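Q: pasted the sequence and its predicted model underneath.
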Amino acid sequence: MENLEQIRDRLLARFPAAQVAIVVNPGSAAEHSLLLDPASAPEIARFLRDDPMLQLDYCSNVTGVDWPEKEITDIVKKSVPDPAGGPDKVVEEKTKRLQPGYLEAVYHLYSMARKHGSVILRLRTGNRSDLVTLPSLTPVWRSADFQEREIFDLYGIVFAGHPDLRRLLMWDEFKDHPMRKDYVAPDDFEWEPTPHGDVHERAKAHYPAPPPAASTPTPEAKP
(Lines give C-alpha, C1' and ligand atoms only; values in the text may rest on other atoms or scores of the structure.)
Protein backbone atom coordinates (compact mmCIF):
# COMPACT_ATOMS: atom_id res chain seq x y z
CA MET A 1 0.00 0.00 0.00
CA GLU A 2 1.13 3.57 -0.62
CA ASN A 3 2.45 5.44 2.38
CA LEU A 4 0.52 8.33 3.89
CA GLU A 5 2.54 11.01 2.07
CA GLN A 6 1.83 9.36 -1.28
CA ILE A 7 -1.88 9.09 -0.51
CA ARG A 8 -1.98 12.75 0.51
CA ASP A 9 -0.20 13.83 -2.67
CA ARG A 10 -2.60 11.82 -4.84
CA LEU A 11 -5.59 13.32 -3.05
CA LEU A 12 -4.30 16.86 -3.54
CA ALA A 13 -3.66 16.16 -7.23
CA ARG A 14 -7.15 14.71 -7.68
CA PHE A 15 -8.90 17.33 -5.51
CA PRO A 16 -6.86 20.55 -5.82
CA ALA A 17 -9.40 22.62 -3.85
CA ALA A 18 -9.31 20.22 -0.88
CA GLN A 19 -7.30 20.69 2.28
CA VAL A 20 -5.42 17.52 3.21
CA ALA A 21 -2.73 17.52 5.89
CA ILE A 22 -0.81 14.85 7.76
CA VAL A 23 -1.26 14.81 11.53
CA VAL A 24 1.78 13.21 13.14
CA ASN A 25 1.26 10.90 16.10
CA PRO A 26 4.30 11.30 18.37
CA GLY A 27 3.56 8.05 20.25
CA SER A 28 5.40 4.79 19.77
CA ALA A 29 2.57 3.41 17.60
CA ALA A 30 3.20 6.24 15.10
CA GLU A 31 -0.35 6.02 13.74
CA HIS A 32 -0.23 9.17 11.66
CA SER A 33 -3.45 10.37 10.05
CA LEU A 34 -4.91 12.55 7.32
CA LEU A 35 -6.82 15.68 8.35
CA LEU A 36 -9.52 16.55 5.81
CA ASP A 37 -11.55 19.71 5.48
CA PRO A 38 -15.23 18.81 6.04
CA ALA A 39 -16.43 20.15 2.69
CA SER A 40 -14.20 17.76 0.73
CA ALA A 41 -14.47 14.77 3.06
CA PRO A 42 -17.40 12.88 1.41
CA GLU A 43 -15.85 13.11 -2.06
CA ILE A 44 -12.42 12.06 -0.78
CA ALA A 45 -14.00 9.20 1.20
CA ARG A 46 -15.64 7.80 -1.94
CA PHE A 47 -12.33 8.06 -3.78
CA LEU A 48 -10.50 6.16 -1.03
CA ARG A 49 -13.15 3.44 -1.15
CA ASP A 50 -13.31 3.10 -4.94
CA ASP A 51 -9.70 3.74 -6.00
CA PRO A 52 -8.30 0.47 -7.46
CA MET A 53 -4.97 0.82 -5.66
CA LEU A 54 -6.47 1.50 -2.24
CA GLN A 55 -9.98 0.00 -2.11
CA LEU A 56 -10.48 1.10 1.50
CA ASP A 57 -13.84 -0.64 1.64
CA TYR A 58 -14.14 -1.20 5.41
CA CYS A 59 -14.45 1.36 8.20
CA SER A 60 -13.61 -0.58 11.35
CA ASN A 61 -13.95 2.16 13.92
CA VAL A 62 -15.11 5.75 14.34
CA THR A 63 -14.48 7.65 17.53
CA GLY A 64 -14.91 11.16 18.88
CA VAL A 65 -12.29 13.36 20.53
CA ASP A 66 -12.85 16.52 22.55
CA TRP A 67 -10.13 19.17 22.42
CA PRO A 68 -11.00 22.03 24.83
CA GLU A 69 -9.36 25.39 24.33
CA LYS A 70 -5.91 25.68 25.86
CA GLU A 71 -3.15 28.18 26.34
CA ILE A 72 -0.12 27.69 24.09
CA THR A 73 3.31 29.14 24.82
CA ASP A 74 5.34 29.91 21.70
CA ILE A 75 9.10 30.27 22.13
CA VAL A 76 11.15 32.22 19.59
CA LYS A 77 14.93 32.47 19.84
CA LYS A 78 16.47 35.80 18.92
CA SER A 79 20.01 37.11 18.68
CA VAL A 80 20.63 40.22 20.78
CA PRO A 81 23.83 42.31 20.51
CA ASP A 82 26.05 42.17 23.58
CA PRO A 83 26.37 45.70 25.08
CA ALA A 84 29.94 44.87 26.08
CA GLY A 85 30.86 44.20 22.46
CA GLY A 86 31.07 40.45 22.77
CA PRO A 87 29.29 37.85 20.63
CA ASP A 88 25.56 38.23 20.19
CA LYS A 89 23.50 36.56 22.87
CA VAL A 90 20.66 34.21 22.08
CA VAL A 91 17.57 34.91 24.15
CA GLU A 92 14.19 33.24 24.21
CA GLU A 93 11.07 35.32 23.73
CA LYS A 94 7.88 33.71 25.00
CA THR A 95 4.40 34.65 23.85
CA LYS A 96 1.15 33.09 24.95
CA ARG A 97 -1.94 32.52 22.81
CA LEU A 98 -5.27 30.79 23.29
CA GLN A 99 -5.92 27.86 20.97
CA PRO A 100 -9.68 27.51 20.37
CA GLY A 101 -11.28 24.18 21.18
CA TYR A 102 -12.85 21.81 18.67
CA LEU A 103 -14.28 18.31 18.33
CA GLU A 104 -12.94 15.54 16.11
CA ALA A 105 -14.32 12.46 14.38
CA VAL A 106 -11.63 9.86 13.64
CA TYR A 107 -12.18 7.06 11.08
CA HIS A 108 -10.00 3.92 10.80
CA LEU A 109 -10.10 2.42 7.30
CA TYR A 110 -8.98 -0.95 5.93
CA SER A 111 -9.18 -2.78 2.63
CA MET A 112 -10.83 -6.19 2.82
CA ALA A 113 -10.25 -6.62 -0.91
CA ARG A 114 -6.52 -5.89 -0.81
CA LYS A 115 -5.82 -6.89 2.81
CA HIS A 116 -4.07 -3.70 3.83
CA GLY A 117 -4.55 -0.73 6.14
CA SER A 118 -5.06 1.13 8.24
CA VAL A 119 -5.55 4.65 6.92
CA ILE A 120 -6.85 7.09 9.53
CA LEU A 121 -8.97 10.12 8.65
CA ARG A 122 -9.71 13.09 10.91
CA LEU A 123 -12.51 15.64 10.55
CA ARG A 124 -12.63 18.69 12.85
CA THR A 125 -15.48 21.00 13.81
CA GLY A 126 -15.21 24.78 13.84
CA ASN A 127 -15.54 24.94 17.62
CA ARG A 128 -17.23 23.18 20.55
CA SER A 129 -20.40 25.28 20.69
CA ASP A 130 -22.30 26.27 17.56
CA LEU A 131 -20.05 25.08 14.69
CA VAL A 132 -20.25 21.37 15.45
CA THR A 133 -21.59 19.97 12.15
CA LEU A 134 -19.56 17.51 10.06
CA PRO A 135 -20.62 15.50 6.99
CA SER A 136 -21.67 11.93 7.70
CA LEU A 137 -19.53 9.24 6.07
CA THR A 138 -22.16 6.57 6.69
CA PRO A 139 -23.33 6.83 3.04
CA VAL A 140 -19.79 5.76 2.06
CA TRP A 141 -19.13 3.20 4.81
CA ARG A 142 -22.32 1.72 6.27
CA SER A 143 -20.43 0.48 9.34
CA ALA A 144 -20.07 4.11 10.50
CA ASP A 145 -23.82 4.31 11.23
CA PHE A 146 -24.03 3.42 14.94
CA GLN A 147 -20.60 4.84 15.67
CA GLU A 148 -21.49 8.29 14.35
CA ARG A 149 -24.69 8.11 16.41
CA GLU A 150 -22.62 7.33 19.50
CA ILE A 151 -20.36 10.33 18.82
CA PHE A 152 -23.43 12.53 18.31
CA ASP A 153 -24.81 11.29 21.63
CA LEU A 154 -21.66 11.51 23.76
CA TYR A 155 -19.73 14.39 22.13
CA GLY A 156 -22.37 16.46 20.35
CA ILE A 157 -21.05 16.35 16.77
CA VAL A 158 -23.96 16.69 14.34
CA PHE A 159 -23.42 14.48 11.27
CA ALA A 160 -25.18 16.06 8.29
CA GLY A 161 -26.60 13.45 5.93
CA HIS A 162 -26.73 10.64 8.48
CA PRO A 163 -29.73 8.40 7.75
CA ASP A 164 -30.92 8.12 11.37
CA LEU A 165 -29.14 10.58 13.66
CA ARG A 166 -30.49 10.24 17.20
CA ARG A 167 -29.14 9.38 20.63
CA LEU A 168 -27.85 5.85 21.04
CA LEU A 169 -26.88 5.41 24.70
CA MET A 170 -28.57 8.27 26.54
CA TRP A 171 -32.32 8.87 26.54
CA ASP A 172 -33.87 11.47 24.25
CA GLU A 173 -34.53 14.02 27.01
CA PHE A 174 -30.94 13.86 28.32
CA LYS A 175 -29.07 17.16 28.18
CA ASP A 176 -25.38 17.64 27.44
CA HIS A 177 -22.77 15.15 26.22
CA PRO A 178 -21.10 12.92 28.85
CA MET A 179 -17.78 12.36 27.04
CA ARG A 180 -16.94 16.06 26.82
CA LYS A 181 -13.98 16.86 29.04
CA ASP A 182 -15.84 19.67 30.80
CA TYR A 183 -18.95 17.57 31.47
CA VAL A 184 -20.11 17.76 35.09
CA ALA A 185 -22.21 14.85 36.28
CA PRO A 186 -25.34 15.89 38.18
CA ASP A 187 -25.61 15.37 41.92
CA ASP A 188 -29.14 14.04 41.70
CA PHE A 189 -28.96 10.35 40.97
CA GLU A 190 -32.53 9.58 41.96
CA TRP A 191 -32.88 7.49 38.81
CA GLU A 192 -30.16 5.13 40.04
CA PRO A 193 -31.88 2.18 41.77
CA THR A 194 -29.34 1.84 44.59
CA PRO A 195 -27.15 4.96 44.97
CA HIS A 196 -24.16 4.28 47.17
CA GLY A 197 -20.80 5.69 48.18
CA ASP A 198 -19.98 9.17 46.84
CA VAL A 199 -23.07 9.09 44.61
CA HIS A 200 -25.27 8.54 47.66
CA GLU A 201 -23.64 11.41 49.55
CA ARG A 202 -24.15 13.82 46.62
CA ALA A 203 -27.72 12.67 46.12
CA LYS A 204 -28.62 13.37 49.76
CA ALA A 205 -28.67 17.10 49.04
CA HIS A 206 -31.64 16.53 46.73
CA TYR A 207 -33.67 14.28 49.02
CA PRO A 208 -36.84 15.85 50.47
CA ALA A 209 -36.46 17.12 54.00
CA PRO A 210 -37.87 14.68 56.59
CA PRO A 211 -41.09 15.78 58.26
CA PRO A 212 -40.67 17.39 61.68
CA ALA A 213 -40.82 14.94 64.53
CA ALA A 214 -44.10 14.97 66.44
CA SER A 215 -43.71 16.41 69.93
CA THR A 216 -44.48 14.07 72.81
CA PRO A 217 -47.06 15.54 75.20
CA THR A 218 -45.83 16.07 78.75
CA PRO A 219 -47.82 13.90 81.20
CA GLU A 220 -49.80 15.90 83.71
CA ALA A 221 -48.55 15.79 87.27
CA LYS A 222 -50.79 13.87 89.63
CA PRO A 223 -51.88 15.58 92.83
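A: Here it is on my side, so go on.
Q: helix, strand, or coil at residue 29?
A: In three-state terms, and counting by DSSP: H, G, I helix; E, B strand; the rest coil, residue 29 is coil.
Q: residue contacts, it?
A: For residue 29, no residue meets the contact criterion (C-beta atoms under 8 Å, 6 or more residues apart in numbering). For every residue, glycine as well, the C-beta is placed using N, CA and C.
Q: got a list of what the spatially most central residue of the chain touches?
A: Residue closest to the mean C-alpha point of the chain, counted by C-alpha atoms, centre = their mean, is residue 65 at 1.8 Å. Contacts for residue 65 were tallied using C-beta under 8 Å, 6+ apart; they are 103, 104, 105, 106, 155.
Q: next one: residue 96
A: For residue 96, the residues meeting the contact criterion (C-beta under 8 Å, 6+ apart) are 71, 72, 73, 74.
Q: now with 7 Å?
A: The neighbourhood of residue 96, defined by C-beta atoms under 7 Å, 6 or more residues apart in numbering, consists of 71, 73.
Q: across the sheet, point out what pairs with it.
A: Residue 96 has the following beta-bridge partners by DSSP bridges: residue 73.
Q: any idea how far it is from residue 122?
A: When C-beta to C-beta, to the nearest Å is the yardstick, residue 96 and residue 122 sit 26 Å from each other.
Q: same check on residue 66?
A: Using C-beta to C-beta, which is the criterion applied here, residue 66 is 13 Å from residue 122.
Q: these two: which is more packed in?
A: Neighbour totals were compared for residue 66 and residue 122, and residue 66 leads with 19 against 16 (other C-beta atoms under 10 Å).
Q: so the more buried one sits right up against residue 180, yeah?
A: Yes: using C-beta atoms under 7 Å, residue 66 is in contact with residue 180, at 5.1 Å.
Q: now the common contact residues for those two.
A: When contacts are counted by C-beta under 7 Å, 6+ apart, residue 66 and residue 180 are jointly contacted by residue 155.
Q: name the SS class of residue 34, please.
A: Local secondary structure at residue 34 is given as strand here, using three-state DSSP.
Q: ok, now which ones touch residue 26?
A: Residues in contact with residue 26 (C-beta under 7 Å, 6+ apart): none are found.
Q: now the helices for this protein?
A: According to DSSP state H, the chain carries its helices in the segments 4-14, 41-50, 145-155, 197-203.
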